[in-house]
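Trainee: Could you work out the structure for the sequence below:
(4 chains)
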2 protein chains.
Amino acid sequence: MNDATSALGALAHQGRLSVFRMLVQAGGEGLAAGEIARRLGTPPNTLSANLNILSHAGLVASRRAGRSIIYTADYERMGALLGFLVEDCCGGSPEICAPLALIAERAAACCVPGDRP
Amino acid sequence: MNDATSALGALAHQGRLSVFRMLVQAGGEGLAAGEIARRLGTPPNTLSANLNILSHAGLVASRRAGRSIIYTADYERMGALLGFLVEDCCGGSPEICAPLALIAERAAACCVPGDRP
DNA sequence: CATATATTTCCATTAACGTGGAAGTATGGA
DNA sequence: TCCATACTTCCACGTTAATGGAAATATATG
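Mentor: As a prediction, the model looks like this:
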């Protein structure tokens, strides 16, 4: 995965990070571009450009529904990015594991079904 | 942590990502700027600029040793960045946990002392 | 002090990013 | 067909990033 930089670059922007967070929260249903623009107060063309960047980085996918275009976060790609970062750090040096243990625990806790009503 | 974008931006560059990986691998001892430049074949001034960006993002620290300046990766900061990304994703939506479980397992395995001679 | 080594800072140039107005394309409804 | 809605693409502008040559700074050594 040499294009980790493209994903990192896509997220290295306050507006795009907000969009991505919103889409992750929205889940599989996703959100229409206009709805995102409305919530964030971004002009539609600016948002479109940023969605395009996220899309080229593989972090979001889009489908048409009526006259809206629905964007969804690509969990697999995000997981791959995190995997790259973690392996790149943890695989290279055990010292980094102290903070990672916390993360792992949180991730494990989040996977228990039914603990989030 | 609103400055996640600065850390992401610092890593969203092929050259800087290579530098950071190298420093993580180098461990607590770190590496002199010149050594990094030599290994990567980067002109010293270009490298210096990139180290400065990584430093401002909090991802590396530096100390002087003789006439060399030794750079080290800041594990805590990197852990915080990963924590932010994971919480931002996993905390918002359980669906992302599938890929994260793998990461957690790898991170846990990497923390067992003595498995890496 | 003179010199060599190690890095940084200064500077100029080129490329890329971010932004939003205006026009264009697709869909749905009267 | 005509119109409204929902996005996108085109374009132009200003801002920021990336690069490396040349000079400056800091340290060590003879």
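
Trainee: make it CA atoms for all contacts and neighbour counts henceforth
Mentor: OK.

Trainee: How about the secondary structure of the residue positioned nearest the centre of chain A?
Mentor: Geometric centre of chain A, nearest residue: residue A:20, 4.7 Å, by C-alpha atoms, centre = their mean. Following DSSP: H, G, I helix; E, B strand; the rest coil, residue A:20 is assigned to helix.

Trainee: need the contact list for it.
Mentor: By C-alpha atoms under 8 Å, 6 or more residues apart in numbering or on different chains, the contact set of residue A:20 is A:11, A:59-60, A:73.

Trainee: Among these, which one has the most neighbours?
Mentor: Neighbour tally across the contacts of residue A:20 (other C-alpha atoms under 10 Å in any protein chain shown): the maximum, 29 neighbours, falls on residue A:73.

Trainee: ok, now which ones touch the residue nearest to that residue when sequence neighbours are not counted?
Mentor: Sequence neighbours aside, residue A:60 is the residue nearest to residue A:73 in space, at 4.4 Å (criterion: C-alpha to C-alpha, 6 or more residues apart in numbering or on different chains). Contacts for residue A:60 (C-alpha under 8 Å, 6+ apart) come out as A:20, A:51, A:54, A:71-74.

Trainee: Any figure for the gap between residue A:60 and residue A:77?
Mentor: 9 Å (C-alpha to C-alpha, to the nearest Å).

Trainee: Equivalent analysis for residue A:66, please.
Mentor: Distance from residue A:66 to residue A:77, by C-alpha to C-alpha: 27 Å.

Trainee: In terms of neighbours, single out the busier of those two.
Mentor: The neighbour comparison of residue A:66 against residue A:77 (other C-alpha under 10 Å) goes to residue A:77, with 17 against 7.

Trainee: which SSE is that one in?
Mentor: Following DSSP states H and E, one finds residue A:77 within helix A:75-90.

Trainee: Check which helices and strands that helix is in contact with.
Mentor: helix A:4-11, helix B:14-26, helix B:75-90, helix B:97-111 (3 or more C-alpha pairs under 8 Å, 6 or more residues apart in numbering or on different chains; DSSP states H and E).

Trainee: ok, 10 Å please
Mentor: helix A:4-11, strand A:60-65, helix A:97-111, helix B:14-26, helix B:75-90, helix B:97-111 (3 or more C-alpha pairs under 10 Å, 6 or more residues apart in numbering or on different chains; DSSP states H and E).

Trainee: Now residue A:32, what are its backbone angles?
Mentor: phi -70, psi 150 (degrees, to the nearest 10).

Trainee: how about the residue lying closest to it once chain neighbours are set aside, secondary structure?
Mentor: Spatial nearest neighbour of residue A:32, chain neighbours left out: residue A:70 (4.2 Å); criterion: C-alpha to C-alpha, 6+ apart. Going by three-state DSSP, the secondary structure assigned to residue A:70 is strand.

Trainee: From DNA strand C, how far off is residue A:70?
Mentor: 12 Å (C-alpha to the nearest atom of the strand, to the nearest Å).

Trainee: Give me the pLDDT for whichever residue of chain A sits closest to DNA strand C.
Mentor: When scored by C-alpha to the nearest atom of the strand, chain A has residue A:66 as its residue closest to DNA strand C, at 3.4 Å. Residue-level confidence at residue A:66 comes out at 95, pLDDT.

Trainee: residues in contact with residue A:44?
Mentor: A:33-38, A:50 (C-alpha atoms under 10 Å, 6 or more residues apart in numbering or on different chains).

Trainee: Mind putting these into TSV with secondary structure?
Mentor: Formatted as TSV, these follow (three-state DSSP):
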residue	secondary structure
A:33	helix
A:34	helix
A:35	helix
A:36	helix
A:37	helix
A:38	helix
A:50	helix
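
Trainee: Great, nothing more from me.
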